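# Pasting a predicted model and its sequence here:
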Amino acid sequence: MPASTYLRGKITDHVLRNTAYTSPTTVYVALHTSDPTVAGTPGTEVSAGWYARQVAAFAAQSVAGQTSNSGTITFDGVTGSAVTITHFSLWDAATLGNMLEFAPLSASKTFSITDVPSWLPGQLASTMT
């Protein structure tokens, strides 16, 4: 999963310049209707009455640089109209904030009214690249 420009900069400064970086106390999952790019373009994030970023917890690394969600991540049911999700991302805030990582879904997914977007434990994998 590619790291955002923001996170790349923070890691580089932390490791190579001894500049402190405090990791977020909570990480949030966002859904996107198109590629948010490494810049973290918020305009591609879903905007609907039912939608809000969801908290995600992650397991210890299974392999260096690789982890996955340790609990189920569940969004509210879709209302209003169907939405097609192409990407997801991880953020350091429930709104606004800084994008940390992002990735495309393995295939775009259209959620119809009443569908509930969710990931079971282990389904949302993060491999630092």
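Right, received. Where do you want to start?

# Specify the local secondary structure of V15.
helix (DSSP: H, G, I helix; E, B strand; the rest coil).

# Return the distance of it relative to Y21.
Taking C-beta to C-beta, to the nearest Å as the measure, V15 falls 9 Å from Y21. From N, CA and C alone the C-beta is placed, and that goes for glycine too.

# what about L105, is that helix, strand or coil?
What three-state DSSP gives for L105 is strand.

# Please tell me how far it sits from S34.
From L105 to S34 the distance is 12 Å (C-beta to C-beta).

# A52 contacts T74, doesn't it?
No: A52 is not in contact with T74 according to C-beta atoms under 8 Å; the separation is 11.4 Å.

# Please report phi then psi for G9.
Backbone geometry at G9, expressed as degrees, to the nearest 10, gives phi -60, psi -40.

# what's the neighbour count on it?
The tally of other residues near G9 (other C-beta atoms under 10 Å) stands at 14.

# Can you list the strands that the worst-scoring helix or strand of the chain on mean pLDDT pairs with?
Least confident helix or strand, the chain: strand 125-127 with a mean of 91, by mean pLDDT, DSSP states H and E. Using DSSP bridges, the strands paired with strand 125-127 are strand 66-68 (antiparallel).

# Show me what counts as buried in the strand it pairs with.
Within strand 66-68, the residues scored as buried using 16 or more other C-beta atoms under 10 Å are T67, S68.

# ok, now stretch 75-89?
Buried residues in stretch 75-89 (16+ other C-beta under 10 Å): F75, V78, V83, I85, T86, H87, F88, S89.

# tell me how far the ends of that stretch are from each other?
14 Å (C-alpha to C-alpha, to the nearest Å).

# And the strands in the protein?
27-32, 54-56, 66-68, 73-74, 83-91, 99-111, 118-119, 125-127 (DSSP state E).

# can you list those strands in CSV and add distance to T5?
Output for the strands of the chain, formatted as CSV (distance: least, C-beta to C-beta, whole Å):
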stretch, distance to T5
strand 27-32, 16
strand 54-56, 21
strand 66-68, 21
strand 73-74, 24
strand 83-91, 13
strand 99-111, 9
strand 118-119, 25
strand 125-127, 17
